[in-house]
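Novice: pasting the sequence and the predicted model now:
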Amino acid sequence: MKLPQLIAHRGANRIFPENTMAAFKAAKLNHVNWIELDVQLSKDGVLFIFHDDNAKRLTSLDREITELNWDEIQTLKILKEEFAKEGVFHIPKLSEYLKWMCENPDIHTNIEIKVAKNATAEYQESLVHALLSMLDEYKVLKDRILLSSFSPFVMEVLACSQREIATHLLVHVDNWEKVTDDVVKEIKALYQRCRCIAIAINNTHLTKARVTWLKAQFSHVLVYGDHILSDNDVMGLIDMNVDSIFIDDVKQRCLIEKPANHNNLVVSFLATGDEITTGDIINTNTPKLAANLYEMGFQTAIHLTADDQHKNIEEALLFLLERSDIVITVGGLGPTEDDKTAESIANVTNCPLEFYAPSWERIYARVSKRFSQVPEINKKQAYFPKGAKVIENALGTADGCYLHIDNKHIFMLPGPPSECFGMYRDIEPMLQSLGAERKHIYHWNLLGASEAHIAKRIEPIAKKYNEALGYRAAYPYLEVKLHSRKEKALLDKLAEEIDQSIEIFTASREKAYASDILKRYLTSGLYQIKLKRDVTKGYVHSQMVLLERMIEKSPKDVRYKIELQTSGMEQFWQDKDAVVDTIGCEIQLVDLCGAHDIPEEIHKAEVKFSNKDSESFLFVYEWLASEINKFITKLR
């Protein structure tokens, strides 16, 4: 039996009263086709659907419901005030539900066999036998029904029946510390005797590590809530990789689906702090986050910065939430008066701040290691908007959080870059689960060509594949970009055609500049550059010296010497009004160990460049680096 990710707990019980036919039908209308319900046995032997032992909560009748005959039960009305306008609701027979299930072949059902704690063995046995007899009448449903119970006696009776109906074991953990090896051994023995396919457990004490451990013991893990699960609870359980979740709000189905517009999930950013708005520091966090998220397939839209004023932070948040699916805030999570991000999010979302004790315990432990006293103001960092999932900060005292509300996703990250990106790595799986489809990304960094010149060459190629190219000029480079979600094999063919068309201009096929790639070669310790003639009158020589000094290596490790001679630039030095000049180079590799056969050919190249005064040196240096890289690559 394939288990679903979500199961409607007692039907769509936020739309219609729990365990009523209206609630079951509403779950189907909301495309949640797995339903959980509770079955009990009336005094005169009729199976009916109801959860509580006592009828008072839902009907106002203060009686044990299994002490009533069906004639009495069927006259009871569900009196939940929030559903009064929706009409009159009654307790259904199980047979009524099974007939409806036969009419709807896409519906699967988890039937919980509900027994009171003081239920006699005789009652439990009668309930199981009555249920199995009825299911024998609906054999067509056998593969769409999953039975469960908290009662070990009920599970043993099911096992003895030898029926080929799937079962799972329900357990409740009040204190995880009491889950000893003996307890696990006992539960596992019952699980195996009853040939269960899964275990269902309450959510309160679960962590990702505990879910992984449970799966190793019991194969599949289903989770029900000790309370009504919020969107953040559900997202947290999905992140823990549980198999199924019992939900009360069927609208939470949207949490596991890729939105219809998943290719265009919009992410925006808010960096807060007076230090940014006054220019004391430059915000480097959100641009780097945007680059990562763009590559993941998100549409990165708006970057805002706000000072440490509630009004400005809240107005910025409202602006971004109106235009974005996901908003990521950075900064403002410290303990002082000017740290206002959490409060502002709480105000904008109407989710008041709540104290989170585990955060305070971590803060207290961390600060007390360095200081004899922990300032009371640090407690401010342990308050988060109600319903938020707290994200631990392993590198500092400022925990972050994730809040899902009104189909918007808000992530709150700390400001120090190491803490910001450390926490980003923790939330990246959550972001991926939201459904953006990763793009295939291709880059070309070109030297010595204009945008118009290159576009004329490659735009017709891109049009054949119905693709659009992007361009960015950042002297001395022209960057060409291809970002697409189409089939990679097809895009590789397009990239190959572009390669052939612009090969003579290509300095690198990645975002890195040629000088960065050359640094990688030199960092290996195998290569050393000797500049024999420098027509830049020292510029290239100085850059090469700086590059060598940045790299720690022993001279004895160097295996190859790269001899470089440059030529040209006559017009540049003789005529300051010259528009164009030429730079050339000769490169040869010398094997210092004499152990390898190195071709004696000399790599020669020449290129024209625009005279941009001192900026021309940037072009010359990057071009020479790219030619050295090409030569090394060819020999390798």
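Specialist: Sure thing, it's come through.
Novice: only C-alpha atoms for contact and neighbour calcs from this point on.
Specialist: Will do.
Novice: let me see the mean pLDDT of stretch 169-180.
Specialist: Stretch 169-180 carries an average pLDDT of 89.
Novice: for it, measure first residue to last.
Specialist: 18 Å (CA to CA, to the nearest Å).
Novice: in that stretch, which residues are buried?
Specialist: Using 16 or more other CA atoms under 10 Å as the test for burial, stretch 169-180 gives L169, L170, V171.
Novice: in strands, which of these fall?
Specialist: L169, L170 (DSSP state E).
Novice: and the buried residues of stretch 169-180 as CSV, adding distance to T180?
Specialist: Shown next, in CSV, are those (distance: CA to CA, whole Å):
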residue, distance to T180
L169, 18
L170, 18
V171, 14
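Novice: any idea which of the buried residues of stretch 169-180 is closest to R362?
Specialist: V171 (30.6 Å; CA to CA).
Novice: residue contacts, the closest one?
Specialist: Taking CA atoms under 8 Å, 6 or more residues apart in numbering as the criterion, V171 is in contact with F150, I199, A200, I201, N202.
Novice: make it 6 Å
Specialist: I201 (CA atoms under 6 Å, 6 or more residues apart in numbering).
Novice: any idea how far it is from K178?
Specialist: For V171, the distance to K178 - CA to CA - is 13 Å.
Novice: returning to that earlier point: now, which of the buried residues of stretch 169-180 sits nearest R370?
Specialist: Among these, and counting by CA to CA, the member closest to R370 is V171, at 43.1 Å.
Novice: and that closest one, how close does it get to I201?
Specialist: 5 Å.
Novice: please apply the same query to N292.
Specialist: Separation of N292 from I201 (CA to CA): 36 Å.
Novice: so what's K608 closest to, chain neighbours aside?
Specialist: T582 (4.4 Å; CA to CA, 6 or more residues apart in numbering).
Novice: quick one: contacts for that neighbour?
Specialist: Contacts for T582 (CA under 6 Å, 6+ apart) come out as G568, M569, V607, K608.
Novice: after whichever helix or strand it is part of comes which helix or strand?
Specialist: T582 is part of strand 580-591, with elements assigned from DSSP states H and E. Later in the chain than strand 580-591, the nearest helix or strand by DSSP H and E is strand 603-610.
Novice: which residues touch L318?
Specialist: Applying CA under 6 Å, 6+ apart, no residues contact L318.
Novice: which non-adjacent residue is nearest A26?
Specialist: Leaving aside its sequence neighbours, A26 sits nearest to A12 (CA to CA, 6+ apart; 5.7 Å).
Novice: next, count neighbours for that neighbour.
Specialist: 31 (other CA atoms under 10 Å).
Novice: and what of E314?
Specialist: E314 - counted by other CA under 10 Å - has 21 other residues nearby.
Novice: against A271, how distant is the nearest residue to it once chain neighbours are set aside?
Specialist: Counting by CA to CA, 6+ apart, S344 is the residue found nearest to E314 once chain neighbours are left out, at 5.5 Å. From S344 over to A271 the distance is 13 Å, taken as CA to CA.
Novice: thinking S148 is in contact with H168, fair?
Specialist: Yes: using CA atoms under 6 Å, S148 is in contact with H168, at 5.1 Å.
Novice: what residues of the helix ranked longest in the chain count as buried?
Specialist: Ranked by residue count, the top helix of the chain under DSSP state H comes out as helix 616-635. Neighbour counts using 16+ other CA under 10 Å place 616-617, 619-632 of helix 616-635 among the buried residues.
Novice: could I have the helix or strand that contains E295 exported to PDB, CA atoms only?
Specialist: Using DSSP H and E, the element containing E295 is helix 285-296. Listed next in PDB are the C-alpha coordinates belonging to helix 285-296 (Å, rounded to 0.1, in the frame of the first residue of the first chain):
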ATOM      1  CA  ASN A 285      24.400  39.200   2.400                       C
ATOM      2  CA  THR A 286      21.300  39.500   0.200                       C
ATOM      3  CA  PRO A 287      23.000  39.700  -3.200                       C
ATOM      4  CA  LYS A 288      24.800  36.400  -2.400                       C
ATOM      5  CA  LEU A 289      21.500  34.900  -1.200                       C
ATOM      6  CA  ALA A 290      19.900  36.100  -4.400                       C
ATOM      7  CA  ALA A 291      22.500  34.500  -6.500                       C
ATOM      8  CA  ASN A 292      22.000  31.100  -4.800                       C
ATOM      9  CA  LEU A 293      18.300  31.300  -5.000                       C
ATOM     10  CA  TYR A 294      18.300  32.300  -8.600                       C
ATOM     11  CA  GLU A 295      20.300  29.200  -9.500                       C
ATOM     12  CA  MET A 296      17.800  27.100  -7.500                       C
END
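Novice: next SSE downstream of that helix?
Specialist: Counting by DSSP H and E, the next helix or strand C-terminal to helix 285-296 is strand 299-306.
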